[in-house]
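Engineer: Make a model of this:
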Amino acid sequence: MTILSLKVLLRFRLKEYINELREATDKAVDDFVLEREYKEFIQLLKYFVEIQEPRADIVHVLINAGGLFKLFDDKMQPIRSDYLGGFLIDMMDNEINYEDLLVSALVTIAPKKIIFHFKMDERYSATIETIKNVFAGRVNECLGCERCIPQKNK
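Structural biologist: Model prediction:
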């Protein structure tokens, strides 16, 4: 095959294939950058949690079927809003992702242990995974107790 034939083959016959390779490469680079940024973000949150004094020993997170969450302390009393300071007020000025609010509230409280009470739902898997990464070794999921059984049926 001559060099001219090879150039023609690459330019015209494989053009679509080369474009697909470029797109796949661009996507792989974007995925890599996003993954690296996520890991850096998790490391920053972990550091922030580690350096601050825990405001609660245990936080119970009850999530109902509608996706709303409630935070309770070790005596199953609602977490006081003064733990969160002006955080919620600052968040109200912006659009709020409810799951981001949960992560932010837990980071602000920095509990020694977190217990999730809810029926496992795919909607929360990314958020739960983020919380597990930030609070490595501090997160447990309740598999059925008097607190979460009513939540499963709502």
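
Engineer: use CA for all of it now, contacts and neighbours both
Structural biologist: Fine.

Engineer: pLDDT-wise, which helix or strand of the protein ranks last?
Structural biologist: Lowest by mean pLDDT, DSSP states H and E among the helices and strands of the chain is helix 87-92, with a mean of 49.

Engineer: which is the next helix or strand following that helix?
Structural biologist: For helix 87-92, the following helix or strand on the C-terminal side (DSSP states H and E) is helix 98-109.

Engineer: What is the subsequent helix or strand relative to that next one?
Structural biologist: strand 113-117.

Engineer: Give me the sheet partners of that following strand and which way each runs.
Structural biologist: According to DSSP bridges, strand 113-117 forms sheet pairs with strand 58-63 (parallel), strand 139-141 (parallel).

Engineer: Show me what counts as buried in that strand.
Structural biologist: By neighbour count on 16 or more other C-alpha atoms under 10 Å, the buried set for strand 113-117 is K113, I114, I115, F116, H117.

Engineer: Name the nearest residue to I42, ignoring sequence neighbours.
Structural biologist: With sequence-adjacent residues excluded and distances taken as C-alpha to C-alpha, 6 or more residues apart in numbering, I42 is closest to V134, at 5.8 Å.

Engineer: hang on, the earlier thing: quick one: closest of the strands paired with strand 113-117 to S104.
Structural biologist: strand 58-63 (13.2 Å; C-alpha to C-alpha).

Engineer: and that closest one, what's its mean pLDDT?
Structural biologist: Averaging pLDDT along strand 58-63 yields 89.

Engineer: And for whichever helix or strand comes after it, what's in contact with it?
Structural biologist: Using DSSP H and E, the helix or strand that follows strand 58-63 towards the C-terminus is strand 69-72. Contacts with strand 69-72, where a contact means C-alpha atoms under 8 Å, 6 or more residues apart in numbering, come from V59, H60, V61, L62, I63, P78, I79, L102.

Engineer: Can you name the residues that contact the third one?
Structural biologist: Right, the one you point to is V61. For V61, the contact set (C-alpha under 8 Å, 6+ apart) comprises F69, K70, L71, F72, I114, I115, F116, H117.

Engineer: Out of these, flag the one nearest to Y38.
Structural biologist: In terms of C-alpha to C-alpha, no member of those lies closer to Y38 than I114, at 21.6 Å.
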